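# Everything below, folded, please.
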Amino acid sequence: MTPTVPPAPLALSRPRHLRRTAALGGLVRQDRLHADDLIWPLFVRDGEGVLEEVPSMPGVVRRSVDRVVDAVGEAQALGVRTICLFPYTDASLKTEDCAEAWNPDNLSNRATRAVKAAFPQVSVMTDVALDPYNVNGHDGFVRDGVILNDESVEALVRMALSQAEAGADIIGPSDMMDGRIGAIRRALEGAGHRDVTIMSYAAKYASAFYGPFRDAVGASGALTGDKKTYQMDPLNGDEALRMIARDLDEGADMVMVKPGLPYLDVCRRAKDTFAVPTFAYQVSGEYAMIRAAAAQGWIDGEKAMMESLMAFRRAGCDGVLTYFAPEAAGLIAKGWE
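The predicted structure follows:
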């Protein structure tokens, strides 16, 4: 005898109603990803007409200043309106006093002036940290194996002023020295750069995901020791909120969490707590993992890229620094769903 199967209870609430068609799904979508949400990090090196691949970051290249300008034009056409410059400094210019960091004609400053001359409407963000110029590979001065805080802050102020003079729209202190945001803000105000924005790397963790970036800027071989005395412990979430609160009190306009995907919880807590412009950096290791897995055919690289960027918006980020920026913007322009 065949057992009688009782009828399924009537489902009065059916969320699938809103997933039935793409139009319905789009109507109730809670977040959107726009090209305006993307900041494109660019590596600049000396020379002319240079495009130099970064082996650990497939698809990413170091560009000479003229090629940086070309790339910015292409990105702008896709809707990406903010870029961030990182210099690949020749080893001969790396010193213990890091003087190249505030040289008016260093790579970063030359590239800033060139981009602003060609595309004045594009926002140029610059990096404030000593590691590209430091023979020791650290973000601050080193003495007897100790990273000096206050002496480093004085150098970072000189670096920030040099970048502001070159025309940077956004100053991005990524060093994690104590007190640097307040010192930079006071110096900018005193020098008449009152309109320059500060995006603080407020919660930057001592992460294993930075390796390819250090290759890209030529800092891997120079680094002695690690950065754990000034970058944050990956287990500390409450500390991140204290660091963000401090930087906002000292004059930061926007804050950043770095890395991105492993710290989405910190992004969400930051946005919910402070309700200020909050960004994340999808760092080189995150990028490289997606690229490498896609190259092996293990994941759909395009879909994984877009899904990863959507995660930042869902976590409360107003934007994200990502090496995928032009590629993602191109898909968005085509109506990516």
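# Point out where the stretch 1-150 of the chain drops to low pLDDT.
1-3 (pLDDT under 70).
# what is the rounded mean pLDDT of stretch 281-289?
For stretch 281-289, mean pLDDT is 97.
# Output it as CSV - backbone C-alpha positions only.
Coordinates of each C-alpha in stretch 281-289 appear next as CSV, following Å, rounded to 0.1, in the frame of the first residue of the first chain:
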residue,chain,number,x,y,z
TYR,A,281,41.7,48.2,-0.1
GLN,A,282,41.4,44.9,-2.1
VAL,A,283,45.1,44.3,-1.8
SER,A,284,47.5,42.5,-4.1
GLY,A,285,47.2,39.1,-2.5
GLU,A,286,43.4,39.1,-2.8
TYR,A,287,43.8,40.2,-6.5
ALA,A,288,46.5,37.6,-7.2
MET,A,289,44.4,34.7,-5.7
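# Show residues contacting it.
If you take Cβ atoms under 8 Å, 6 or more residues apart in numbering as the criterion, stretch 281-289 is touched by 56-58, 60, 201, 207-213, 216, 256-262, 308-309, 312, 320-324. The C-beta positions use only the backbone N, C-alpha and C, and glycine is treated the same way.
# Take the residues you listed and keep only those in helices.
211-213, 216, 308-309, 312 (DSSP state H).
# Helices of the stretch 201-337 of the chain, start to end?
Taking DSSP state H, counting those that start in this stretch to define them, one finds helices in the stretch 201-337 of the chain at 211-216, 238-249, 264-274, 284-295, 301-314, 325-333.
# and residue 25, which of these is closest to it?
helix 301-314 (13.4 Å; Cβ to Cβ).
# about what we covered before: in TSV, list the ones in helices among the contacts of stretch 281-289 along with neighbour count, pLDDT and distance to residue 242.
What follows is the ones in helices among the contacts of stretch 281-289, written out as TSV (neighbours: other Cβ atoms under 10 Å; pLDDT from 0 to 100; distance: Cβ to Cβ, whole Å):
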residue	neighbour count	pLDDT	distance to residue 242
211	16	90	28
212	23	91	30
213	24	90	26
216	24	88	31
308	20	97	28
309	25	97	28
312	28	97	22
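# for those, which one is nearest residue 233?
Nearest to residue 233 among those, with distances taken as Cβ to Cβ, is residue 211, at 18.7 Å.
# Tell me the secondary structure at residue 186.
Three-state call for residue 186 (DSSP: H, G, I helix; E, B strand; the rest coil): helix.
# And it, how close does it get to residue 157?
Using Cβ to Cβ, to the nearest Å, residue 186 is found at 8 Å from residue 157.
# for the helix of greatest length in the chain, packing partners?
Longest helix of the chain, by residue count under DSSP H: helix 150-166. For helix 150-166, the packing partners by 3 or more Cβ pairs under 8 Å, 6 or more residues apart in numbering; DSSP states H and E come out as helix 107-118, strand 123-128, strand 170-173, helix 180-190.
# Among the helices of the stretch 201-337 of the chain, which one carries the weakest average confidence?
For the helices of the stretch 201-337 of the chain, mean pLDDT drops lowest on helix 211-216, to a mean of 88.
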